[in-house]
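Q: need a structure here:
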Amino acid sequence: MDYSTPDMYDVDYSMSEPCHKIEVKQMAAWLLPPLYSLVFISGFVGNMLVVLTLINCKKLKSMTDIFLFNLAVSDLLFLLTLPFWAHYATHGWVFGESVCKILISLYHLGYYGGIFFILLLTMDRYLAIVHAVFALKARTVTSGVVTSGVTWVVILLASLPGIIFTRSRKEELHETCETDYPYKWKTFQIIMRTILSLVLPLLVMIVCYSGILKTLLRCRNEKRKHKAVRLIFAIMIIYFLFWAPYIIVLNLTTFQNFFGLENCISASRLDRAMQVTETLGMTHCCINPIVYAFIGEKFRRYISTFFRKHVAKRLCRQCPVFYTDKVDRASSAYTPSTGEQELSAGL
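A: Numbers count the residues shown, from 1 in each chain. I've put the predicted structure just below:
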């Protein structure tokens, strides 16, 4: 839940009386708990499955594995906050200021972590396809670990303003957990978030995927080319479909005076739009395992191996057919010789 926006329940928009948004509060109490619960359960299961598969089957042997692992960890950090926001929407804040700061920290770390590791995966795909020879030397496990470490430092720096200005505050009828920025910091934070969440990903994806598509158009293998193109467009469309509406509404809410939306009716509509678009963005944590893992043939083989070894074997010890190592041999036999083969096999 993003608390860099104005308090959605009682905001003074330079009118004679405060703008009491009872309907917005009731909508949050009715809508958010079941939605956040569904997102938490499905996202937690999916991302934990990705993490366990990467550790147990793939052994984190490539730069792509390292970035995918960090993306799943980012989503898990983000998801851990959702049960608290679900409770907050119905009962108000009852967990104190320390928990408030911890959860806002996890929210921002998970949010920016998801963005940056998506970008790193995009650039990783670009190197593997467009600069395949250079990628053989550059795309090592060591490079992946170092790059990930530097990225987490950048993520922490991007998250600091939200962490510093977060506080729990008692009001007349309820207690809140929110990020209360000074005006200049608030403007800076929204502009920075827009650039990092929307502008930068758009530029990186346009540059990288245009280069990838040019390379794939020269590919003779039509089947591999079509698989790679489908994956590329899935990555591009899904990310912007889920997060772009929220960033747009966030800017409209923050700069209401500039857009002439400072009246109470417009403010209430924006708050409802904020709830809907932010919840939509949060569901992207559930989609990531599908887009970056399960859509790829190679990763599906590893998922199958994981279930055969660690699930079916425990459930049915008398059924060796369920956990035969045939899948292991099939997946280990696959050794892509070019970046194009690696991309077409999936992440």
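Q: from now on I want contacts and neighbour counts done on CA atoms only, so please keep to that.
A: OK.
Q: what helix or strand is Ser168 on?
A: Element membership of Ser168 [criterion: DSSP states H and E] is strand 166-170.
Q: give the contact list for the residue nearest to the spatial centre of the chain.
A: Centroid-nearest residue in the chain, with C-alpha atoms, centre = their mean: Gly114, separated by 3.9 Å. Residues near Gly114 by C-alpha atoms under 8 Å, 6 or more residues apart in numbering: 71, 74-75.
Q: the residues you listed in helices, which ones?
A: Counting by DSSP state H, those place 71, 74-75 in helices.
Q: by mean pLDDT, point me to the weakest helix or strand of this protein.
A: The weakest-scoring helix or strand in the chain, judged by mean pLDDT, DSSP states H and E, is strand 10-11 (a mean of 38).
Q: report the buried residues of stretch 284-291.
A: 284-289, 291 (16 or more other C-alpha atoms under 10 Å).
Q: wait, which of those residues is closest to Cys100?
A: When the buried residues of stretch 284-291 are compared for distance to Cys100 (C-alpha to C-alpha), Cys285 wins out at 21.4 Å.
Q: distance between the host helix or strand of the closest one and the chain's centre?
A: Secondary structure assigned from DSSP H and E places Cys285 in helix 284-289. When distances are taken as C-alpha atoms, centre = their mean, to the nearest Å, helix 284-289 is centred 7 Å away from the chain's centroid.
Q: do you know how far the residue nearest to the centre of the chain is from His131?
A: 25 Å (C-alpha to C-alpha, to the nearest Å).
Q: what does Tyr209 give?
A: Taking C-alpha to C-alpha as the measure, Tyr209 falls 13 Å from His131.
Q: same thing with Glu178?
A: For Glu178 relative to His131 (C-alpha to C-alpha), the value is 45 Å.
Q: the more surrounded of these two?
A: The residue with more neighbours, out of Glu178 and His131, is Glu178; 24 against 16, by other C-alpha atoms under 10 Å.
Q: tell me the secondary structure for that one?
A: The three-state label given to Glu178 by DSSP: H, G, I helix; E, B strand; the rest coil is strand.
Q: which residues does it bridge with?
A: When bridges are called by DSSP bridges, Glu178 pairs up with Arg167.
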